[in-house]
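Peer 1: Sequence and predicted structure are below.
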Amino acid sequence: MVAFNRTMIEPGVVQGEWFHRLDDGRFQCDLCPRHCKLRPGQRGFCFVREAREDGIVLTSYGRASGFAIDPIEKKPLNHFYPGSSVLSFGTAGCNLGCRFCQNWDISKARQNDRLTDWAMPDAIADSAVRAGCRSVAFTYNDPVIFAEYAIDTAVAAHERGLKTVAVTAGYITPAARRDFFAHIDAANVDLKAFSQQFYQKLCFANLQPVLDTLRWIKQETSVWLEVTTLLIPGHNDSEAEIGQLCDWFVQNLGPDVPLHFSAFHPDFKMVDVPPTPPSTLNRARRQAKAAGIHHVYTGNVYDKAGQSTYCAHCGKLLIGRNWYNLSEWRLDENGRCQYCGHPLAGEFDQSPGNWGGRRQRIII
């Protein structure tokens with residue numbers, strides 16, 4: 001049962017939902033596979049969950065690193081109401097420790113004073129409606145760690161007819177993911193690599209829980225799923241590893257889940273690694289399509305062909321994209337190819353949105 005509009009213990013602090021007390025007096029966080037074991041006063045790896053005398057609390061409820069209206073394609077979601085706008089926000093902290101984090105100023109923040117914007121769930125949902133957004137996205141840092149805040153905002157969004165989006169690394173326990181994804185309409189899950197060694201050395205995490213989450217979302221929920229892999233030269237971009245990723249993908253997620261290959265740029269603690277060449281993205285895209293994945297995209301580079309959507313049956317261009325701007329739209333009112341009638345996997349309105357590539361910062 002979700003405690004919507006929870007009572008705050010103090011500003012920004014609410015009782016956590018997923019933990020239990022150990023025999024030695026510590027509390028174990030049951031939200032993510034790290035299972036941090038904390039004594040009162042200690043914070044978990046994510047920084048925003050803290051043990052108190054009566055349990056574990058979330059210390060970032062109602063506090064955000066900023067609110068903005070984005071194109072839905074920026075999440076990236078290419079098959080979820082294309083062209084629509086989404087009110088996006090995140091908090092601080094993360095339950096992974098990726099050395100290549102592209103949002104490290106938010107996800108690695110160790111002080112809540114980084115969270116300068118305040119907004120309760122109802123206010124966020126009302127702002128999204130006033131702005132004409134189709135959905136609300138929990139993004140910028142991983143919403144798993146602020147799950148109570150995200151869930152309550154999702155409830156408020158659904159009450160107003162809005163959709164909800166989670167941009168996440170999928171590092172969550174089976175019990176918590178059931179509660180969390182019950183309130184999510186679409187998710188882009190960041191599959192960092194297809195190597196346990198990569199996850200251990202560069203993310204301080206494990207691969208298997210992410211694969212379990214992906215398989216569970218696809219097979220056990222109605223959440224629309226897309227997957228992103230950031231290709232880092234020399235670390236997760238080999239033909240062999242991408243081949244293994246694609247084979248697992250088809251066998252466990254099927255051919256219609258979109259896969260995005262994005263370009264890395266030097267950042268955080270990996271500034272000595274060069275940017276991803278466009279040729280690497282194009283090669284990975286060819287591999288994925290040859291493996292049987294119908295919709296494969298490239299990101300963070302100029303590539304209209306690699307960002308556009310094609311019919312899986314006849315191969316005709318259905319949705320043209322130039323970065324986040326749509327051009328061609330060749331779907332009928334039922335989301336089928338206008339040329340051959342084959343349905344396009346995803347969720348679509350009868351006509352595309354017209355938000356374009358704008359990013360608009362807002363104050364709530």
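Peer 2: That came through, no problem.

Peer 1: C-alpha from now on. contacts and neighbour counts both.
Peer 2: OK.

Peer 1: Could you tell me how many residues sit around Cys46?
Peer 2: 24 (other CA atoms under 10 Å).

Peer 1: Give me the local confidence score for it.
Peer 2: pLDDT for Cys46: 94.

Peer 1: Quick check: the gap between it and Pro275.
Peer 2: 28 Å (CA to CA, to the nearest Å).

Peer 1: Ala156 now?
Peer 2: Following CA to CA, the distance that separates Ala156 from Pro275 is 40 Å.

Peer 1: likewise Ile9?
Peer 2: For Ile9 relative to Pro275 (CA to CA), the value is 45 Å.

Peer 1: The two: which has the busier surroundings?
Peer 2: Counted by other CA under 10 Å, Ile9 and Pro275 do not tie: Pro275 has more neighbours, with 15 against 12.

Peer 1: That one - that's part of a strand, no?
Peer 2: No: using DSSP: H, G, I helix; E, B strand; the rest coil, the assignment for Pro275 is coil, not a strand.

Peer 1: Name the nearest residue to it, ignoring sequence neighbours.
Peer 2: Nearest non-adjacent residue to Pro275, counting by CA to CA, 6 or more residues apart in numbering: His265, 4.6 Å away.

Peer 1: what helix or strand is that neighbour on?
Peer 2: Under the assignment given by DSSP states H and E, His265 is not contained in any helix or strand.

Peer 1: Let me know the secondary structure of Asp152.
Peer 2: helix.

Peer 1: Now for it, how many residues are close by?
Peer 2: Going by other CA under 10 Å, the residues that sit close to Asp152 add up to 21.

Peer 1: gap between it and Ala125?
Peer 2: For Asp152, the distance to Ala125 - CA to CA - is 10 Å.

Peer 1: what does the domain assignment say about this structure?
Peer 2: Following the assignment in automatic domain parsing, the chain carries domains at 14-58, 64-362.

Peer 1: Just the terminal-to-terminal distance for the last one.
Peer 2: Looking at domain 64-362, the gap from its leading to its trailing residue is 12 Å under the measure CA to CA.

Peer 1: Stretch 184-195 now?
Peer 2: End-to-end distance for stretch 184-195, by CA to CA: 28 Å.

Peer 1: Could you do stretch 77-89 as well?
Peer 2: Note: stretch 77-89 ends 16 Å apart using CA to CA.

Peer 1: Which residues does that stretch contact?
Peer 2: Applying CA atoms under 8 Å, 6 or more residues apart in numbering, the set of residues contacting stretch 77-89 from outside is 64-73, 128, 132-140, 186, 188, 224, 226, 258, 324-326, 345-349, 352-356.

Peer 1: Out of the residues you listed, name the ones that lie in helices.
Peer 2: Among those, the ones falling in helices (DSSP state H) are Ala128.

Peer 1: Nice, that's everything, thank you.
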